[in-house]
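Participant: I would like the atomic coordinates for the input below:
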Amino acid sequence: MSGKPTEQPGAGQHEDTIHDDRTVRRQDTASTARASEPRLAPGAVLDHGRYRLLAKVGSDSRCNAQLWRAKDGVLGRDVALTIIVGDSSDTTQTSDARRTLERAMHASTFNHAGVARVLDVVSSAPGDPDGVLGIVIAEWTHGSDLTELISDGPLAPGTAARLLQPLAAAVEAAHHAGLVLGIDHPQRVRVTGDGEIRMAFPGPMPDAGSGEDVRGLGAVLYLLLTGRWALSGSPEGVSSAPAGPDGTVVSPRTLRPAIPLELSTVAVRALGSPESNGTTGGVRTGAAVLRVLEQYAQQEVGEAVMHSAPAGVEARGNEIWQREDPKPDPGRRRKLIYGVGAVGLVTLFVVSWLASMLIGMFVGPTEPSGPSEVVGNEQDDSSQRQPSRSEESSAPEPKPVAVTDSDVFVTEQDRDNRDEIDLVHDDDPATSWQTDGYNDQLGTGFKSGIGIVLTLDHPVKLTEVDVTSPSSGTELEVRAASDDSPRLSDAPVIGEGEIREETTSIPVETDETTSHVLVWITGLSPGDRYSSQIDEIEVHGIGGQA
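Facilitator: Predicted structure coming up:
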């Protein structure tokens, strides 16, 4: 990947003119697309019947996209679909859709925790509803919608900063790689079960630049701090941010005085002015936003969701929403004092007991202990022998672990024969997956390595990985992975081996359980070209569920 962005927004008056023309064109094509929008409903199937629609998550009318959760019938897993719709006879709409699909395809090699991994990009297929121009398929992000996060009110500033950090880091990394994510729409973003904000529906608009991503960061931060959306396309149930006389949105600090000045300022300056396509006020990169977020995320400890909102917001249920943050509760403080006092008494007791034990050790027993030594030794010998027999009888035996999913893992470029990877765990040695052929060995040529990520049926403590392969000389590493799209630096090596016979057993040394295994190929089998074939991979482990 390139070291600097290849898609950057312009600047100045020329940029503003381009932005105005694009805005008018988007509005015209969006109106036409809505008139011919296909009727997509749960249960419908797309791409030759592979993807069955489960639930509509949202829509991005700016680029005529519908956002769906679907089931991949081939791999049996949930996926996120960004479905580009429009009139197939309209050259402008088809050209825009093709550009969006191309940009999504370029992002398929980008791996970051803050962005859902693009699995595939397809054009419309026979049997798809009329009006479907293309689909971006990404891994499904478990969690909740961004608007659900602020359904009970805005978040504490420190909490908002912590949640947004992964997304800001992803924007900065993508821009360095010359990519645009297109995060400037709230329904494209979701909150993971670990409490991190993630780009869940990739597929940027055809003319989006890196400035839109920075504006998107500002808009998401504004939403978390105020409960208002500061860009166009506010989702249902979320109010738009109020604007001042000059058209610039009112600062979050004006709506909630408890918000730190720096967080409020970076949100407004990242959003920019209504007349500009990029950003103004000096905040033009994800790194600038990330620096401020990191500063205030450290202050998040002990903070909870703040039920405060702008003045004039109605009461919800029996709660009265106040403009100011809640004051300390005297009753809670009193309970805290009592609790600290009780802990102090218990500590004093433990210290006294330890002191008496130490005194007893130094003074020693006051009566002869000759006879008791014999009895004590016999008891000690017995107790030493007994655990040994117990451990031998209860030691669990390693067992084969079922593999439920697999994928090709590389750090750059395309994935070798990805559609055949499931053959390595189909219990049929006659079928196989094979790498591409290379003129040079890995590390000196096209790739630094190729891997296979296996998703196990349940977490286990690995003991051995058996690889059936005819490719003698293939060098392998077994790594423990945190998920099905790990970073290589976060997957420690727990076993190594080289294929010398039909089935090679690689012993594994680890004290931790894992539910994902990365079999990383560091050296290919030599021949006319460097390539390796894997027939079967069997994983053995201890523990987990039966």
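Participant: Domain ranges for this protein, per the record?
Facilitator: As assigned by automatic domain parsing, the chain contains the domains 32-297, 399-542.
Participant: With respect to burial, which of those scores highest?
Facilitator: domain 32-297 (a mean of 20; mean count of other C-beta atoms under 10 Å). Placement of C-beta: from N, CA and C, glycine included.
Participant: circling back to that earlier point, could you take the domains of the chain and lay them out as TSV, with extra columns for distance to Val351 and mean pLDDT?
Facilitator: Listed next are these as TSV, based on distance: least, C-beta to C-beta, whole Å; pLDDT from 0 to 100:
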stretch	distance to Val351	mean pLDDT
domain 32-297	36	86
domain 399-542	34	85
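Participant: Could you dump those domains into JSON lines and include distance to Leu345?
Facilitator: Listed next are the domains of the chain as JSON lines, based on distance: least, C-beta to C-beta, whole Å:
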{"stretch": "domain 32-297", "distance to Leu345": "34"}
{"stretch": "domain 399-542", "distance to Leu345": "38"}
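Participant: Let me know which of those is the nearest to Ala355.
Facilitator: When the domains of the chain are compared by C-beta to C-beta, domain 399-542 sits nearest Ala355, at 36.3 Å.
Participant: How far off centre is that closest one?
Facilitator: 23 Å (C-alpha atoms, centre = their mean, to the nearest Å).
Participant: Show me what the strand ranked longest in the chain pairs with in its sheet, parallel or antiparallel.
Facilitator: Ranked by number of residues, the top strand in the chain under DSSP state E is strand 450-468. Here strand 450-468 has these sheet partners by DSSP bridges: strand 403-410 (antiparallel), strand 503-507 (antiparallel), strand 514-523 (antiparallel), strand 536-542 (antiparallel).
Participant: export the third one as CSV, just CAs?
Facilitator: Read that as strand 514-523. These are the backbone C-alpha positions of strand 514-523, laid out as CSV (Å, rounded to 0.1, in the frame of the first residue of the first chain):
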residue,chain,number,x,y,z
THR,A,514,-8.5,-19.6,22.3
SER,A,515,-11.4,-20.0,19.9
HIS,A,516,-9.4,-19.0,16.8
VAL,A,517,-6.2,-20.5,15.3
LEU,A,518,-4.0,-18.9,12.7
VAL,A,519,-1.9,-21.4,10.7
TRP,A,520,0.7,-19.0,9.2
ILE,A,521,2.8,-20.2,6.2
THR,A,522,6.3,-18.6,6.4
GLY,A,523,7.9,-20.8,3.7
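Participant: Tell me the helix or strand right after it.
Facilitator: Later in the chain than strand 514-523, the nearest helix or strand by DSSP states H and E is strand 533-534.
Participant: The domains of the chain: which one's closest to Thr347?
Facilitator: Between the domains of the chain, domain 32-297 lies closest to Thr347; by C-beta to C-beta that is 30.8 Å.
Participant: Verify the stated contact: Leu293 with Gln165.
Facilitator: Yes - if you go by C-beta atoms under 8 Å, Leu293 and Gln165 touch, sitting 5.1 Å apart.
Participant: need the contact list for the closest residue to Glu397 other than its chain neighbours.
Facilitator: Nearest residue to Glu397 in three dimensions, chain neighbours excluded: Ile542, at 7.6 Å (C-beta to C-beta, 6 or more residues apart in numbering). Ile542 is in contact with Pro396, Glu397, Pro398, Lys399, Val460, Lys461, Thr463, counting by C-beta atoms under 8 Å, 6 or more residues apart in numbering.
Participant: which among these gets closest to Asp47?
Facilitator: Distance to Asp47 across the contacts of Ile542 (C-beta to C-beta) is lowest for Val460, with 34.6 Å.
Participant: Surely the closest one touches Val517?
Facilitator: No - using C-beta under 8 Å, Val460 makes no contact with Val517, being 9.6 Å away.
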